[in-house]
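J.: What follows is a predicted protein model with its sequence.
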Amino acid sequence: MNRSLLFRALAAAALGAATLSPALAQSTWPDKPIRVVLPFPPGGPSDMVIRVLTDKLLASLKQPVVVDNKPGAGGNIGATMVARAAPDGYTWLWTPDTVLTVNPHVYKQTGFKAEDFVAVSMATTFSSTLVCHPKVGVKTLQELVAKAKTSKMSYASGGAGVPGHLSMELLQTMAGFDMSHVPYKGPAPAMQDVLGGQVDCGLLAGPTVLPHVGSGRLLALAVSGVKRSPVLPDVPTLDEAGVKGYQADFGLALLAPKGTPEAIVSRFRQAFVEALKSPEVVEKLKANDQVVVASTEAEAARSIEASSKKWGEVVRRIKLTVD
């Protein structure tokens with residue numbers, strides 16, 4: 001697939017989604033529970049965010065919103081399920097944007113195409129935190145780089161091509177060191193093995209590791225975003241820590257199967273955005289290192305297009321491929 005067509009494909013899908021009349025769609029939807037497929041295991045940042053919203057969505061839509069975790073293949077399994085689902089407004093994809101911005105560049109076969117989805121909203125943005133088990137014996141990025149150049153070390157991620165993998169590969173390329181990659185089926189199990197000392201380090205989403213940084217079970221060396229984390233104000237960015245120009249921010253996106261009626265997409269997006277913007281949700285997500293964006297459909301499509309271009313260049317530079 002030509003990656004430069006991604007934004008146009010998403011935008012066209014959004015514009016062409018109305019297969020039912022708006023009046024009919026608005027009057028009949030929803031009349032049964034709504035399934036939101038999350039292509040990663042429970043416990044990760046995307047899982048935390050959607051579960052904060054389900055009660056508010058129930059109150060607004062008068063139907064339960066059921067989170068269906070379908071992990072595997074860096075998010076491809078769950079995304080493929082949604083791409084093949086009936087476009088009736090009862091199946092949605094909730095995912096880190098890397099499933100669309102990274103996976104098509106990394107995997108030879110994803111099971112879906114970008115144009116199989118309608119971009120509904122870019123909900124939040126987040127960065128990752130570089131953490132190591134205390135037994136590793138490093139407290140700064142410089143110490144980690146020096147040790148990795150003389151010792152065999154490993155890092156955990158939530159799977160090939162997910163933020164924790166790609167961010168770490170970019171860091172190693174820019175800082176000139178090498179660690180063995182140990183992929184898991186999501187950031188939560190990756191974090192568990194760093195906690196247990198089976199893997200040395202990880203560049204993992206803040207919400208996954210922050211409680212363990214606070215307790216001292218993990219040491220935070222740096223954060224991947226352009227700004228310091230509000231919950232880790234004393235931890236430098238990777239740029240500040242010496243890797244000039246490094247930046248790796250990601251987002252959580254809501255998508256629908258292509259062909260979902262525009263009236264349904266608009267109604268679900270409205271309920272979703274209202275839930276996201278409620279003051280208690282904003283504060284709760286901020287405490288978990290998530291910044292609420294709650295974008296429009298067009299803004300989400302543009303964000304996905306820009307991130308796809310950026311990470312596609314990184315993937316080609318580090319020659320990252322997954323069969």
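T.: Done, it's in.
J.: in the stretch 151-300 of the chain, which spans are helices?
T.: 163-175, 187-195, 206-215, 262-277, 279-287, 297-318 (DSSP state H, counting those that start in this stretch).
J.: Kindly reformat those as a markdown table containing mean neighbour count.
T.: From N, CA and C alone the C-beta is placed, and that goes for glycine too. Formatted as a markdown table, those follow (neighbours: other C-beta atoms under 10 Å):
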| stretch | mean neighbour count |
| --- | --- |
| helix 163-175 | 23 |
| helix 187-195 | 23 |
| helix 206-215 | 19 |
| helix 262-277 | 20 |
| helix 279-287 | 14 |
| helix 297-318 | 19 |
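J.: Just give me the residue closest to the centre of this structure.
T.: residue 96 (2.1 Å; C-alpha atoms, centre = their mean).
J.: for it, which residues make a bridge with it?
T.: residue 252 (DSSP bridges).
J.: quick one: it and residue 173, what's the gap?
T.: Note on residue 96: its distance to residue 173, by C-beta to C-beta, to the nearest Å, is 21 Å.
J.: thinking the residue nearest to the centre of the chain is in contact with residue 50, fair?
T.: No. Using C-beta atoms under 8 Å, residue 96 makes no contact with residue 50, being 11.7 Å away.
J.: Next up, phi/psi of residue 123, please.
T.: The phi/psi pair for residue 123 (degrees, to the nearest 10) reads phi -80, psi -50.
J.: That one against residue 252, yeah?
T.: Yes. Using C-beta under 8 Å, residue 123 is in contact with residue 252, at 4.8 Å.
J.: between those two, what contacts are shared?
T.: Listed as contacting both residue 123 and residue 252 by C-beta atoms under 8 Å, 6 or more residues apart in numbering are residue 49.
J.: Now stretch 298-313: average pLDDT?
T.: Averaging pLDDT along stretch 298-313 gives 93.
J.: Ignore what I typed, I meant stretch 177-190.
T.: Mean pLDDT, stretch 177-190: 92.
J.: Using CSV, list the CA coordinates for that stretch.
T.: Only the C-alpha atoms of stretch 177-190 are listed here, as CSV (Å, rounded to 0.1, in the frame of the first residue of the first chain):
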residue,chain,number,x,y,z
PHE,A,177,24.2,1.2,21.8
ASP,A,178,22.5,-2.2,21.5
MET,A,179,20.2,-4.3,23.7
SER,A,180,18.3,-7.5,22.9
HIS,A,181,14.6,-7.0,22.3
VAL,A,182,12.2,-9.2,24.3
PRO,A,183,8.6,-8.8,23.0
TYR,A,184,5.5,-9.5,24.9
LYS,A,185,1.7,-9.4,24.2
GLY,A,186,1.2,-6.0,25.6
PRO,A,187,3.0,-3.5,27.9
ALA,A,188,1.6,-4.9,31.2
PRO,A,189,3.3,-8.3,30.8
ALA,A,190,6.4,-6.6,29.6
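J.: hmm, who's touching it?
T.: If you take C-beta under 8 Å, 6+ apart as the criterion, stretch 177-190 is touched by 40-45, 47, 71-72, 144-145, 148-149, 152-160, 162, 164-165, 168-169, 172, 193, 199-202, 204-205, 208.
J.: Against residue 123, how distant is the spatially closest residue to residue 250 that is not a sequence neighbour?
T.: Leaving aside its sequence neighbours, residue 250 sits nearest to residue 163 (C-beta to C-beta, 6 or more residues apart in numbering; 4.7 Å). Counting by C-beta to C-beta, the separation of residue 163 from residue 123 is 15 Å.
J.: Equivalent analysis for residue 195, please.
T.: Applying C-beta to C-beta, the value for residue 195 to residue 123 is 28 Å.
J.: in this structure, which spans are strands?
T.: 34-38, 65-69, 91-96, 117-126, 128-132, 154-157, 180-183, 201-205, 219-223, 250-257, 291-292 (DSSP state E).
J.: Tell me which of those strands sits nearest to residue 242.
T.: The minimum distance between residue 242 and these falls on strand 219-223, with 8.9 Å, by C-beta to C-beta.
J.: List the residues that contact the closest residue to residue 99 other than its chain neighbours.
T.: Of all residues not flanking residue 99 in the chain, residue 75 sits nearest, at 4.0 Å (C-beta to C-beta, 6+ apart). Counting by C-beta under 8 Å, 6+ apart, residue 75 makes contact with 39, 40, 95, 96, 98, 99, 103, 159, 162.
J.: pretty sure the third one is in contact with residue 45, am I right?
T.: No. With contact defined as C-beta under 8 Å, residue 95 does not reach residue 45; the gap is 11.2 Å.
J.: mind checking how far the closest residue to residue 197 other than its chain neighbours is from residue 53?
T.: Closest residue in space to residue 197, ignoring its immediate chain neighbours: residue 133 at 4.8 Å, by C-beta to C-beta, 6+ apart. Counting by C-beta to C-beta, the gap from residue 133 to residue 53 is 33 Å.
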